[in-house]
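**Q** For reference, the sequence and a predicted model appear below.
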Amino acid sequence: MPVRKKQDQVCRQCHRVLESDKESCIVCLDSSLSTDWQGYLIIIDPKRSAIAQRMNIDLPGRYALKVR
């Protein structure tokens, strides 16, 4: 029987990708999480990233581009 990996969740508010076992976002504390998302973005230095500035990202981490 194949092992199924739990799907990562994304915060609908800040778009941060979270581990599948989280119940709320660790950054904005929003409990509205989704498994329906597209695009994967890794921000290393938000102060020097034009994409991070456009998405209003202040902290390094993994983010989704589109969340439903």
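**A** Alright, I've got the coordinates. Residues are numbered from 1 along each chain as shown.
**Q** just how off-centre is stretch 12-24 within its chain?
**A** Its chain's C-alpha centre and that of stretch 12-24 lie 6 Å apart, by C-alpha atoms, centre = their mean, to the nearest Å.
**Q** contacts for it?
**A** Stretch 12-24 has contacts (C-beta atoms under 8 Å, 6 or more residues apart in numbering) with 6-11, 25-28, 30-34, 37, 40, 55, 57, 61-65, 67. No exception for glycine: its C-beta is placed from N, CA and C like everyone else's.
**Q** Give the buried residues for that stretch.
**A** Within stretch 12-24, the residues that count as buried by 16 or more other C-beta atoms under 10 Å are 12, 14-18.
**Q** Could you measure from Val67 over to Asp58?
**A** Separation of Val67 from Asp58 (C-beta to C-beta, to the nearest Å): 18 Å.
**Q** Over to Lys47?
**A** Distance, Lys47 to Asp58, by C-beta to C-beta: 9 Å.
**Q** Between these two, which has more neighbouring residues?
**A** Ranked by neighbour count (other C-beta atoms under 10 Å), Lys47 and Asp58 place Asp58 first, with 11 against 8.
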